[in-house]
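Asker: quick one: sequence plus predicted model below, questions after.
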Amino acid sequence: MQIQLEVYLTFRGQRIWKGTEEVPDGISPAALLRHLELDHHPELAVIVNGRHHDDDAALASGDEVAVLRRADGG
């Protein structure tokens, strides 16, 4: 499935990365961080469609997902 992804830390050689990402169906935010190899950053938050999302709840195709440091989220 595809999601719209924004990563607000250095990722894939860019300080802020935005684009469409192909991910496994039913992936959770915690699994997404592992999939993106960002799980070594314990301070990250995953925002889905503008809201905090339960770490174990499944993402849906077309979701707008932002990954940022918790301190950056305000």
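Answerer: Received, thanks.
Asker: skipping adjacent residues, who's closest to the residue minimising distance to the centre of the chain in space?
Answerer: A centroid search over the chain (C-alpha atoms, centre = their mean) returns residue 67, at 4.2 Å, as the residue closest to the centre. Leaving aside its sequence neighbours, residue 67 sits nearest to residue 7 (C-beta to C-beta, 6 or more residues apart in numbering; 4.7 Å). To be clear about C-beta, it is placed using only N, CA and C from the backbone, and glycine gets the same treatment.
Asker: and the one you found, what pLDDT?
Answerer: Model confidence at residue 7, given as pLDDT, is 94.
Asker: what's it sitting at in phi/psi?
Answerer: The phi and psi torsions at residue 7 (degrees, to the nearest 10) take the values phi -120, psi 120.
Asker: do the same with residue 35
Answerer: For residue 35, the backbone dihedrals are phi -60, psi -40 (criterion: degrees, to the nearest 10).
Asker: how many neighbours does it have?
Answerer: 14 (other C-beta atoms under 10 Å).
Asker: which ones are touching it?
Answerer: Neighbouring residues of residue 35 by C-beta atoms under 8 Å, 6 or more residues apart in numbering: 23-24, 27.
Asker: redo that, cut-off 10 Å
Answerer: Counting by C-beta atoms under 10 Å, 6 or more residues apart in numbering, residue 35 touches 21, 23-24, 27-28.
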